[in-house]
Structure formats: structure tokens, C-alpha cells
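Novice: any chance you could fold what I've pasted below:
(chains A and B)
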Amino acid sequence: MVEFKRPDKRAVNDIRPMKAKVGIVPNADGSAMFSFGETIAIAAVYGPKELHPRNQRNPAKGTLRCTYNMNSFSVSDRIRPGPSRRSTEISKITGWSLEPVVMINNFANTVVDVHVQIIQADASTRCAGINAAAMALAHAGIPMRDLVSSISVGKLDKQLVVDVDKAEEDWEEGEGPTDIALTFSHNDEKLTHIQLDGIISAKQLKEAVELGKQASKRVYDLQKKALKSVGEEITG
Amino acid sequence: MKAPKMNVDRIKRYLAEGKRFDGRKPEEFRDLEISFGVSKKAEGSARVKLGDTEVIVGVKMAVGQPYDDSPNKGNLMVTAELLPLSSSRFELGPPKFPAIELGRLVDRGIREGRFIEFEKLCIKEGEKVWTIFVDVYAINDAGNLLDAAGIGAVAALKNAKIPKYDEKEEKIVYEESSGNPVPLTKEVPISITFHKIGDQIVVDPTREEEDAAEAKVTIGLSNGVISSMQKGNEEAIDTELFGKMLDAVEGIWDDLNKKVEKALKQ
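Specialist: Numbers count the residues shown, from 1 in each chain, chains lettered A, B, ... in the order given. Model prediction:
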């Protein structure tokens, strides 16, 4: 069998060089940067704090509120500043991917705000954002039962690859590209988020999830290292 | 946000003796750091740190129509986002006045400082010109985002390269640079915002000082000469205090300009 060639010559289960740093926004209660290759995300956490407007307060438990936004100049064609349908959806997805591990049930009537900003985009931005957000929450001291780690798995023609970049997202040969974003909680290895665009058989999707799970452990190692050395940029 | 009276009184007492909480003199700026290449997808970008205050600024370019009254000139559009990520006091939602004011003041500083040679951004008179977008993002608000953003805009513009424009296809090839920088003059515009606290003035306020201030005056200078100005906030300033700002502005510009030049070189 001929070995599959990725545009940037990575092996199929190679993640691009990763970078992580905790403590980048002094004003925030917690903050972090996470990067896959040329994709750079930063996240800041504020809270728990009183939720305004009051009518959104939940007297039974705390509220996790996530926002995802891209800098206008993080991509080639300038994005108009402000929320879009896409960013609104990813904001919600980011919250859902984190909620299973965040223990804010006892913080009734309060909100924990998580703000993700994409500085530079080369695909897999939501995964980088979720990774940064998880670290920022931990840095803020928000009680968590676990950490979550996010990674994308692609299917280029028939081949599964880990950590999709922009050139791969635009794959044109054979069956084209399938892009799967996955987030796992570390200890119990549960899926807290999955999205898929493209075609894939159920059998191969099972393989893709397994591949993603293994790769997410490498993401986790880096997140953990960065959380242990606040203020230092960790590479892996 | 209004500062507690106790803080304001203490800031005033310190200023009466020419002192500030962080040991600076009233007319002294914090340490300045500039780095480039924040986003490779931008035509130019910069990160500015002024003490704990941090902004990132990106330049994007697109081809558009010129305005009727300037058919041979390129366009400039400056926007600012005061991200909730940068401070607990910024909320989600459409830009509020402080964000709009920031964009407007940076725009005015660049435009009136005649920093960009707009005629050189004309592709075909009356039809096609380059539009320059300068977008400012607050990353950490520890006071004086205004002057930090002004410096960031200059740095990002200096860092920018015009992308390749395919005349036949009428589209921009963002992946390829034309190699040409944005046509800029040598006169680097710098804004200095004075803040009135009681009967004293300070520049480059911390967040605490900015909250204590009753009024501000942003002065844009190009090569040390005043080229734009705007007074902000409700309270009036007497002409004597305004005179003090004008007396001080050249000396402050001199120091800050040196800091900016040094930081731009690194």
C-alpha cells in the first residue's frame, strides 16, 4: 500500500505542533492560549459572578455562558466584526462540550463567562478554542470533575487523519473531505461533543472516534503541563 | 464606571505631590512593548502592551469603490472591539459608545496625521481603490486603551504588505503578497490622552486613574505637531488647565515617540 501523503507531509496520526500557555489575560479570573500549528485560540474566564439580566438567573444551579468569536483578520477574507450564525452555534457547542465536567451546580444564580477569541485560523479553531477554554476554567479555579480535550479527525478521500488543517479541509480528490470535531473528557473517556461534515460509513466513523480519543490524550498531556507551569509557553 | 470616593481622594492627594500609586510621574507613560505578526492571515498585525494593557491590531485590505468626493483615493475604516474577554466591565452585544469612540479617535489620528498616502491606493480612478481595514481588539484593559490602540494601528500599518491583485480576474490573491508596503509618510501619528483628575492632569492612566478622571482630551500629533483633538466626557475643563496640557504635550510626545521608535525597531 502506498503511504498516504498529507499536504504538509505529516503522518496520518500526527497533530501539528501544539502550544499552550496559561495566564495570558491579567484581568480575567482564568485565561489560556492553545494553538494547533497556525490556529491560535485564546480564552478568558470571568466568574462565578451575579448573572445579569436577573430574569436569566437559575436559582437551582450556576450558568455556564460561552462565546466564540473570530478576529476579523484571523482569516484571509476579512470577517465583519460581531456575532454571526456560525459563531453563535460554535459558542453554544463550546458550552455543551465543557458543561459535563464543570461543577457549578452549587453556584445558584451566578454565571461563569467563558470568552473564546480566535487570533489566527488554519482550521480546527473550535477544537483549539475548547482546549483553551477548558484550561482557562481550570486556571480560574472553577470546580471541575475532569478536563476536556478536543481534536479534529478528517477523512481525506478514504484516509483518516488527525488534526485537520485548512489545506485538508479543502481536500478535493476522491471522496473529498470529511471533517469531524471531537471533544473527550479525560478520565472517563466520554464524548462531550461531536460534529461531522461530510460522508463516512458508520464503521469508519467508529475508527475515527477511536483515533480522536487517542489523539485527545496528547492534547490533554499538554494542557496539564501548561496548567502546572502558569505563565510559561509549553510546546508539544 | 465611577471610582469609589476613597480612591479618588487618595489619587488626588498623591497627584498634589506629583506622585502616582505605581511610582510614575503624572506625565510618564508605562513601559511599551510592540510585537508583530499576530496573525499571518492579516496583511499586517501587531500586539501592543502598555504596562498591563494589551491590544492587538490587524490590517486587512480589500478592493472597493472610491467615494464620490475622492475618486483617486483609497479608503480607511477603523473599528474597535472592546472584548468581554479583556475586562469584566465590557458586555456582549453591539458595540457601545466607548468602542465606537475608540475606533473614531484612532481613525482621526491616522487620517489627520496624514499617515497614509491615500492617492497611492488608487487602482483605477473613480472605479477601484484599496480599502484598508484597521481592526482593534482589546485583550486586557488596564487603562488607556485609546493611546495603546493608536500605537497598535501605526505598528500594524507599518507591518502591512499589500496583497497581490489579479486585474484580469478582478480578485485579490491573499496568499501572495505584492511585496509592496502600505504607502505611509514618515510622520508617525501618536495620540496622547490627558485625563483631568481634580485640578491635576495625568497621561496613560491605569484603570483606577481612568475611573477617577472627570474629563479627557485626546491630542493627536504628527511629527510632534498637533493634528487632531477631541475632548471627552461630561465635565468642563478651564482654559488654564487646558493650557497646561498644551504646555506639557510636546515634552511627553518627545519621550513617547522615542519609546515608540525603539519598540518598533525591536
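
Novice: end-to-end on stretch A:79-88?
Specialist: Start and end residues of stretch A:79-88 are separated by 14 Å (CA to CA, to the nearest Å).

Novice: go through the chain and flag its longest helix.
Specialist: Looking at chain A here, since you left the chain open. Using DSSP state H, we find that the single longest helix of chain A is helix A:202-228.

Novice: actually it's chain B I care about, not the one you picked
Specialist: Per DSSP H, chain B has its longest helix at helix B:239-265.

Novice: which residue is the nearest non-sequential neighbour of B:Leu145?
Specialist: Among residues not flanking B:Leu145 along the chain, B:Ala138 sits closest, at 5.5 Å (CB to CB, 6 or more residues apart in numbering or on different chains). No exception for glycine: its C-beta is placed from N, CA and C like everyone else's.

Novice: measure that neighbour to B:Asn144 for me?
Specialist: Distance, B:Ala138 to B:Asn144, by CB to CB, to the nearest Å: 11 Å.

Novice: so what's the nearest residue to A:Glu169 once chain neighbours are set aside up against?
Specialist: What sits nearest to A:Glu169 in space, not counting adjacent residues and going by CB to CB, 6+ apart, is A:Ala123, at 4.7 Å. A:Ala123 sits next to A:39, A:152, A:164-166, A:168-169, A:179 when contact means CB atoms under 8 Å, 6 or more residues apart in numbering or on different chains.

Novice: now with 10 Å, please.
Specialist: For A:Ala123, the contact set (CB atoms under 10 Å, 6 or more residues apart in numbering or on different chains) comprises A:16, A:36-39, A:152, A:154, A:163-170, A:179.

Novice: name the helix or strand of the chain that has the lowest mean pLDDT.
Specialist: Here I'm looking at chain A. Ranked by mean pLDDT, DSSP states H and E, the weakest helix or strand in chain A is helix A:166-169, scoring a mean of 95.

Novice: can you look at chain B instead?
Specialist: Quick look at chain B via mean pLDDT, DSSP H and E: least confident is strand B:171-181, a mean of 91.

Novice: after it comes which helix or strand?
Specialist: strand B:189-197 (DSSP states H and E).

Novice: where do the helices sit along the stretch 51-200 of chain B?
Specialist: Here the stretch 51-200 of chain B has its helices, by DSSP state H, counting those that start in this stretch, at B:97-112, B:145-159.

Novice: just put those helices in CSV and tack on mean pLDDT and mean neighbour count.
Specialist: Below are these laid out as CSV (pLDDT from 0 to 100; neighbours: other CB atoms under 10 Å in any protein chain shown):
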stretch, mean pLDDT, mean neighbour count
helix B:97-112, 96, 20
helix B:145-159, 97, 27
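
Novice: dump the residue contacts of the closest residue to chain B within chain A.
Specialist: Across chain A, no residue is closer to chain B than A:Phe73, which sits at 3.0 Å (CB to the nearest CB). Contact analysis of A:Phe73 by CB under 10 Å, 6+ apart lists A:79, A:119-121, B:38-45, B:56-60, B:133-135, B:137, B:156.

Novice: contacting residues for the closest residue to it other than its chain neighbours?
Specialist: Closest residue to A:Phe73 apart from its sequence neighbours, by CB to CB, 6+ apart: B:Gly58 at 3.0 Å. For B:Gly58, the contact set (CB under 10 Å, 6+ apart) comprises A:71-74, A:78, A:119-120, B:38-39, B:41-46, B:133-137, B:152-153, B:156, B:159-160.

Novice: what do you get if the cut-off is 6 Å, keeping everything else the same?
Specialist: By CB atoms under 6 Å, 6 or more residues apart in numbering or on different chains, B:Gly58 lies in contact with A:73, B:39, B:42, B:45, B:135.

Novice: looking at those, which is nearest A:Ala132?
Specialist: The nearest member of the contacts of B:Gly58 to A:Ala132, counting by CB to CB, is B:Ser39 at 15.8 Å.

Novice: quick check: which ranges of chain A have low pLDDT?
Specialist: Low-confidence segments of chain A (pLDDT under 70): A:1-2.

Novice: do that again at 80, thanks
Specialist: The model of chain A has pLDDT under 80 over residues A:1-3.

Novice: name the residues that touch stretch B:226-243?
Specialist: With contact meaning CB under 6 Å, 6+ apart, stretch B:226-243 is reached by B:108-109, B:112-113, B:196, B:214-220.

Novice: make a PyMOL selection of the buried ones in these.
Specialist: The PyMOL command for the buried members of these (criterion: 16 or more other CB atoms under 10 Å in any protein chain shown) is given here:
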select buried, chain B and resi 108+109+113+196+215+216+217+218+219+220
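
Novice: which two in the contacts of stretch B:226-243 are spaced the farthest apart?
Specialist: Greatest spatial distance among these (CB to CB): B:Gly113 and B:Glu214, at 27.4 Å.

Novice: report the beta-bridge partners for the residue in the stretch 1-150 of chain B positioned nearest to chain A.
Specialist: Proximity of the stretch 1-150 of chain B to chain A (CB to the nearest CB) peaks at B:Gly58, 3.0 Å away. Per DSSP bridges, the residues bridged to B:Gly58 are B:Ser45, B:Asp135.

Novice: burial check on residue 54, number of neighbours?
Specialist: You didn't pick a chain, so chain A it is. Residues lying near A:Arg54 (other CB atoms under 10 Å in any protein chain shown) number 8.

Novice: try again with chain B
Specialist: B:Glu54 sits with 24 neighbouring residues when counted by other CB under 10 Å.

Novice: of the contacts of A:Ala123, keep whichever come out buried.
Specialist: Buried among the contacts of A:Ala123 by 16+ other CB under 10 Å: A:16, A:36-39, A:152, A:154, A:163-166, A:168-169, A:179.

Novice: got the residues you listed as a markdown table, with secondary structure columns?
Specialist: Below are the buried ones among the contacts of A:Ala123 laid out as a markdown table (DSSP: H, G, I helix; E, B strand; the rest coil):
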| residue | secondary structure |
| --- | --- |
| A:Arg16 | coil |
| A:Phe36 | strand |
| A:Gly37 | coil |
| A:Glu38 | coil |
| A:Thr39 | strand |
| A:Ser152 | strand |
| A:Gly154 | strand |
| A:Asp163 | coil |
| A:Val164 | coil |
| A:Asp165 | coil |
| A:Lys166 | helix |
| A:Glu168 | helix |
| A:Glu169 | helix |
| A:Asp179 | strand |
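
Novice: can I get these in JSON lines including distance to B:Val8?
Specialist: Output for the buried ones among the contacts of A:Ala123, formatted as JSON lines (distance: CB to CB, whole Å):
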{"residue": "A:Arg16", "distance to B:Val8": "50"}
{"residue": "A:Phe36", "distance to B:Val8": "47"}
{"residue": "A:Gly37", "distance to B:Val8": "49"}
{"residue": "A:Glu38", "distance to B:Val8": "46"}
{"residue": "A:Thr39", "distance to B:Val8": "44"}
{"residue": "A:Ser152", "distance to B:Val8": "51"}
{"residue": "A:Gly154", "distance to B:Val8": "57"}
{"residue": "A:Asp163", "distance to B:Val8": "52"}
{"residue": "A:Val164", "distance to B:Val8": "54"}
{"residue": "A:Asp165", "distance to B:Val8": "52"}
{"residue": "A:Lys166", "distance to B:Val8": "51"}
{"residue": "A:Glu168", "distance to B:Val8": "57"}
{"residue": "A:Glu169", "distance to B:Val8": "53"}
{"residue": "A:Asp179", "distance to B:Val8": "54"}
